[in-house]
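How does the following fold in three dimensions:
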Amino acid sequence: MTFRIRALSPALLVACATMAFAHGDVAPQPVNTDALPEVGEEWLTENPYREEKAGHDVWQKAVDIGASAFTQNCARCHGLGAVSGGLAPDLRFLEAEEYGDEWFMERFQHGYTQDGTTKMPAFGEVLGQKAGWAIRTYIETRPEDGALDAHADRLREIRDELASGKVADLAAVKTELQNIAAEAKTASGAPVADSVAFEAARRLTDDPATFKHAAETLTLGLSDAK
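Below is the predicted model:
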């Protein structure tokens, strides 16, 4: 089967399939997946935690668990937020379809060896299938580069308002963040991007303490975008 990676040239696609990953001698960090539904013992070929399959709550939990698992186990080589620095493939471009799932899980489960040398360790038996699909869910929801550039100035204004602790109309701010988030595109083609606007809107409640958390989320995201 041929696996396709969205927006990559044929030459880069070949490079992604044969590239040596520099994981180094790093012990995998355990991932608590108790909050996710069971998927059975047989390894699946399609992500069971996508929103249209599992529902919003399971999808969101998978994104959250996957984000933590990716940061602890994958970011060293594949980049913070799954934004590759060029050494390893940029996994955000794996299409959110079954062929992308198979490519990802083959590498996750069995690792990658080149000329007798392990370039990527096998994570399957160590972290388990549920963790693999959680990481996959997180990666495919990552926004494409520049996804929120058109809204950067407005997001800074919202950030400053939230940081001040004085929000004139919380419902309006949250709705605006949700609308901005809805415009963000993923690199994988997944329908929802886990952008900073999306995360800031999630964090906002009537509790004033959440204003600061949402502002910090926007600050970090806007800093990364520079």
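
For residue 160, see how far away the residue of the chain positioned farthest from its centre is.
Distance from the C-alpha centroid of the chain, by C-alpha atoms, centre = their mean, peaks at residue 168 (32.3 Å). Distance from residue 168 to residue 160, counting by C-beta to C-beta, to the nearest Å: 13 Å. (C-beta placed from N, C-alpha, C; glycine too.)

three-state assignment of the residue farthest from the centre of the chain?
coil (DSSP: H, G, I helix; E, B strand; the rest coil).

next one: phi and psi at it?
phi -70, psi -40 (degrees, to the nearest 10).

how near is the residue nearest to it when sequence neighbours are not counted to residue 195?
Nearest residue to residue 168 in three dimensions, chain neighbours excluded: residue 161, at 7.8 Å (C-beta to C-beta, 6 or more residues apart in numbering). Distance of residue 161 to residue 195, computed by C-beta to C-beta: 19 Å.

returning to that earlier point: surely the residue nearest to residue 168 meets residue 174?
No. Using C-beta atoms under 8 Å, residue 161 is not in contact with residue 174; the gap is 12.0 Å.

ok so, going back, more neighbours: residue 161 and residue 195, which one.
residue 195 (27 against 16; other C-beta atoms under 10 Å).

Check the gap between that one and residue 119 for me.
Distance, residue 195 to residue 119, using C-beta to C-beta: 31 Å.

Same check on residue 212?
From residue 212 to residue 119 the distance is 42 Å (C-beta to C-beta).

between these two, which one's more packed in?
residue 119 (17 against 14).

in a strand, that's where that one is, yeah?
Yes. Applying three-state DSSP, one finds residue 119 inside a strand.

What segments of this structure are strands?
112-114, 117-120 (DSSP state E).

Can you list the helices and strands that the longest one packs against?
Using 3 or more C-beta pairs under 8 Å, 6 or more residues apart in numbering; DSSP states H and E as the contact definition, the elements that strand 117-120 packs against are strand 112-114.

Endpoint to endpoint, stretch 31-50 covers what distance?
End-to-end distance for stretch 31-50, by C-alpha to C-alpha, to the nearest Å: 19 Å.

In that stretch, which of the residues would be classed as buried?
Going by neighbour count (16 or more other C-beta atoms under 10 Å), the buried part of stretch 31-50 is 31, 33, 36, 39, 47-50.

Go ahead and name everything in contact with it.
53-54, 58-59, 61-62, 65, 68-69, 72-73, 96, 98, 101-102, 105, 109, 124, 127-131, 133-134, 136-137, 140, 190 (C-beta atoms under 8 Å, 6 or more residues apart in numbering).

Which of the residues you listed fall within helices?
Per DSSP state H, helices hold the following members of the contacts of stretch 31-50: 53-54, 58-59, 61-62, 65, 68-69, 72-73, 98, 101-102, 105, 109, 124, 127, 129-131, 133-134, 136-137, 140.

If any of these are buried, give me the PyMOL selection for them.
Selection of the buried residues among the ones in helices among the contacts of stretch 31-50 in PyMOL, burial being defined by 16+ other C-beta under 10 Å:
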select buried, resi 54+58+59+61+62+65+68+69+73+101+102+105+109+124+127+129+130+131+133+134+136+137+140
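
In the chain, where is pLDDT below threshold?
Low-confidence segments of the chain (pLDDT under 70): 1-26, 224-226.

How far off centre is stretch 116-136?
From the chain centre to the centre of stretch 116-136 is a distance of 16 Å (C-alpha atoms, centre = their mean, to the nearest Å).

again with stretch 174-189
On C-alpha atoms, centre = their mean, the centre of stretch 174-189 falls 14 Å from the chain's centre.
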